[in-house]
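S.K.: from the sequence below, what's the structure:
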Amino acid sequence: MSEDLVRFTQALQPTVRELRGPDAPAPRFLSPLGQAMLGRVWDVLKATLAVAALIAAALVSADKLDRQRAQPVVGVVAGEPIVTGAIAPARP
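M.R.: Numbering: from 1, shown residues only. Just a heads-up that it's a prediction; the model follows:
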């Protein structure tokens, strides 16, 4: 009996196409203002992801360069300005 009731109620409900006509445009779920706001949010999200990708690439590159760099001479402090090249050695 419940199947008959379901079929009866479905037969009484007109479809959207019947109500709006065959050439009616698709329904819009967001207003134009909502679409503009969603577009701006999407632009901000893309920019944020792009900046995050650039930062990640820079960190990976720096790590790779640090691993490839030669080890400093044993017995010399790596922070010494002459070793780093910040100050040129004195001339005699």
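S.K.: can you pull out the helices in this structure?
M.R.: Taking DSSP state H, the helices of the chain run over residues 2-12, 16-20, 32-68, 81-84.
S.K.: what mean pLDDT does the second one have?
M.R.: Which is helix 16-20. Averaged across helix 16-20, pLDDT comes to 66.
S.K.: now swap in stretch 37-49 and tell me
M.R.: Averaging pLDDT along stretch 37-49 gives 93.
S.K.: which residues touch that stretch?
M.R.: Residues outside stretch 37-49 that contact it (Cβ atoms under 8 Å, 6 or more residues apart in numbering) are L30. Quick note: C-beta positions are derived from backbone N, CA and C, even for glycine.
S.K.: make residue 1 into 544 and carry on from there
M.R.: Right, with 544 as the first residue, what we last looked at is stretch 580-592.
S.K.: that one: which residues count as buried?
M.R.: By 16 or more other Cβ atoms under 10 Å, stretch 580-592 has no buried positions at all.
S.K.: what about this protein, any weak spots by pLDDT?
M.R.: 544, 555-561, 563-565, 567, 569-570, 613-635 (pLDDT under 70).
S.K.: and if we set it to 50?
M.R.: Within the chain, no range satisfies pLDDT under 50.
S.K.: how close does R583 sit to S574?
M.R.: 14 Å (Cβ to Cβ, to the nearest Å).
S.K.: correction: V549
M.R.: From V549 to S574 the distance is 35 Å (Cβ to Cβ).
S.K.: what do you get for D606?
M.R.: 48 Å.
S.K.: how many neighbours does A601 have?
M.R.: 10 (other Cβ atoms under 10 Å).
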